[in-house]
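>>> Sequence and predicted structure below; questions after.
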Amino acid sequence: MKQIILLIFFFLTFFSAAEAGQRYISLAPSTTEILFALGLDKEIVGVSSYCNYPPQAKTKPKAGSFSSPNMEMIIFLKPDYIFCTGLEQAPVVTQLRQLNLNVYVSDPVNMEELFDSIREIGKLTGRSAEAAALIGRMQEEVKTVSSKAKLTPENKKVKVFIEIWHEPLMTAAKGSIVDELITLAGGINIAHNLPRPYCNISAEKVISLNPQCIIMAYMDKEPSLRLIKQRFGWDKIEAVKSERAFNDIDPDILLRPGPRITRGLAELYKRLYPEG
Amino acid sequence: MYFKKRFVILFLLLGLAIIFGLIKGAVNIPLSNLLLGDNRVIFNLRLLRIIAAILVGSGLAVSGIVLQAILRNPLAEPYLLGTSSGAGLAAVVAVIAGVSRIYLPLAAFLGAVLSIIIVYNLARERGIIADQSLILSGVIISVVFSSIIVFLVSLFGNEAMHEMNWWLWGSLQVYDHKLIFLVALPVVLGICAIYLFSQDLNAISMGEDEAKHLGINTQAIKKILILITALITASLICICGIIGFVGLIVPHMMRMVVGPNHKILIPLTCLAASVFVVLCDLLSRTLFAPVEIPIGVITAIIGAPVFIILLKKGKRI
């Protein structure tokens, strides 16, 4: 009996010591936001130079840029876990693993995977409760929008063109998280059936698909309509005629698979259905 | 004697460059702590990078010397034979095919070798390699392979593009010591082999006919040397991508400084190019730390002015 108590005691002290000293590095803006949302401010010892939210992230030591983090810096920061994203960071992940570092890759392509990812990060960092609360809040926000959106009859649904970049013209199709957001907000993504999640599209195609609303997911000081009206032939598009082109949604909340994406969803809904 | 003095000076410079490379980095650790405990890993990382830098510097520069000499073309450089685009293409294809990233260096190496074989056979006519046709076929294969890369990138998007960027920018971020030693073998052996041919290189660089009159089998030697440089470049490319300028400019600089005798030129260029790349790498990782500047950018920005100064000075004499 005494031994068992000692053993339990030993484990307790061991784990609490380990918990207290955890050190995390986040190399993707999305995972940085998730870690901060889980209240891991103190435990985050390094971020990438692309991590701009929350404001505290900017005060953290920089472990290099998004696509080429600085290995020396990372090792120096002695992380217990490093959080990355997929695709663009695949070469980085290989290098980190070669150096025997623990890496968690969060690369959600839809809301369900994003929730799984947050749950997993919560588990890894001992913040399962916070993760569950965050997921609950986000699900609630999704529901608020989608329940309103469901009331829109099929023939009244707004056809949306999401412009990821202008030159070359790029959009998002099925398999991208923003495509799911459009559906949740009760819109129809005109590019839904393109072969790749992020795909080039010709201006011709956009004109022929005639979207009723254009969302530009990048920052530009120019008013969105002026930018679009300059394009040859775009004045025929319904969205331009009815002056419904927007570039005022922060791309970081619309495209970044993090805790703020539900706010992006709410903003998107407001643009699609301004009357509520 | 003159040669020995320069040799010693360059050797000391290399020593200094290595020491600087070891004690300076993205994080500032006092020298006394660098070998202790956890910091050992950082020390080892820096050491690996320095070894890679020395291999890349000497390998590329010596390949440059050889190609410039046997093709008698001042613009000849190690990537002339289409190795860079071959390696890039193979890496992109491997990524798209879903091959584990651990095998990418192997894929790149095979791609580079494949492109060399194609270029070599395109250039060969009746068993003779004509200089012009070798250069031209190299250019053609480079263009074709690069177009295929761009084609794949436009079809498959992101994955391929990031791979392409990595190869084009070049980087000395290699943290796999086994791979470095695997690459060191052909590079070091290749340089030694080339050194054995330095007398023949002297003759060939004067003109093929002159070399023939001296009783040198120019065709055979050319073929051997082309294959050795190709092997060196292909091995290097799979650890560090494409690092421009070193193979083109350093040989010219050294020729201006020590003259065209390959017996002297080759060892001195090895040292000078190593110093150059180690220092460029040091700058690339410390200048804007923790963000790294691609090393190709640094080699060009530093190399070009030095080269121009030497060129102007040489003309005046």
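Thanks, I have the structure now. Only a predicted model underlies this, so the values are computations on that prediction, with no experimental measurement involved.

>>> is any part of whichever strand or helix holds residue A:45 close to chain B?
Assigned by DSSP states H and E, residue A:45 belongs to strand A:44-47. No - Strand A:44-47 lies out of reach of chain B by C-beta under 8 Å from any C-beta of the partner chain, never closer than 8.8 Å. All C-beta spots, glycine's among them, are computed from the backbone N, C-alpha and C.

>>> where do the strands sit along chain B?
With DSSP state E as the criterion, chain B has strands at B:124-125, B:128-129.

>>> Out of the ones you listed, which is closest to residue B:281?
Each of those has some distance to residue B:281 by C-beta to C-beta; the shortest is strand B:128-129, at 34.8 Å.

>>> Any idea how many residues pack against residue A:270?
Residue A:270 has 14 neighbouring residues, counting by other C-beta atoms under 10 Å in any protein chain shown.

>>> Where does the stretch 201-317 of chain B get nearest to chain A, residue-wise?
Among all residues of the stretch 201-317 of chain B, residue B:290 sits closest to chain A, at 3.9 Å; criterion: C-beta to the nearest C-beta.

>>> Got phi/psi on that residue?
Here is the backbone geometry of residue B:290 (degrees, to the nearest 10): phi -80, psi 0.

>>> so how many other residues sit close to the closest residue to it other than its chain neighbours?
Residue nearest to residue B:290 in three dimensions, not counting chain neighbours: residue A:70, with 3.9 Å by C-beta to C-beta, 6 or more residues apart in numbering or on different chains. Residue A:70 has 25 neighbours, counted by other C-beta under 10 Å.

>>> doesn't residue B:49 make contact with residue A:70?
No - the pair residue A:70 / residue B:49 is not scored as a contact, 11.9 Å apart, by C-beta atoms under 8 Å.

>>> Now list whatever residues contact both of the two.
When contacts are counted by C-beta atoms under 8 Å, 6 or more residues apart in numbering or on different chains, residue A:70 and residue B:49 are jointly contacted by residue B:285.

>>> how about the CA coordinates for the host helix or strand of residue A:270, as PDB?
Using DSSP H and E, residue A:270 maps to helix A:261-272. Output of helix A:261-272 as PDB, limited to C-alpha atoms (Å, rounded to 0.1, in the frame of the first residue of the first chain):
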ATOM      1  CA  ILE A 261     -12.300  31.300 -38.600                       C
ATOM      2  CA  THR A 262     -15.900  31.300 -37.200                       C
ATOM      3  CA  ARG A 263     -15.700  35.100 -37.100                       C
ATOM      4  CA  GLY A 264     -14.700  35.000 -40.700                       C
ATOM      5  CA  LEU A 265     -17.800  32.900 -41.300                       C
ATOM      6  CA  ALA A 266     -20.000  35.500 -39.600                       C
ATOM      7  CA  GLU A 267     -18.400  38.300 -41.700                       C
ATOM      8  CA  LEU A 268     -18.900  36.200 -44.900                       C
ATOM      9  CA  TYR A 269     -22.600  35.700 -44.100                       C
ATOM     10  CA  LYS A 270     -23.000  39.500 -43.600                       C
ATOM     11  CA  ARG A 271     -21.600  40.100 -47.000                       C
ATOM     12  CA  LEU A 272     -23.700  37.500 -48.700                       C
END
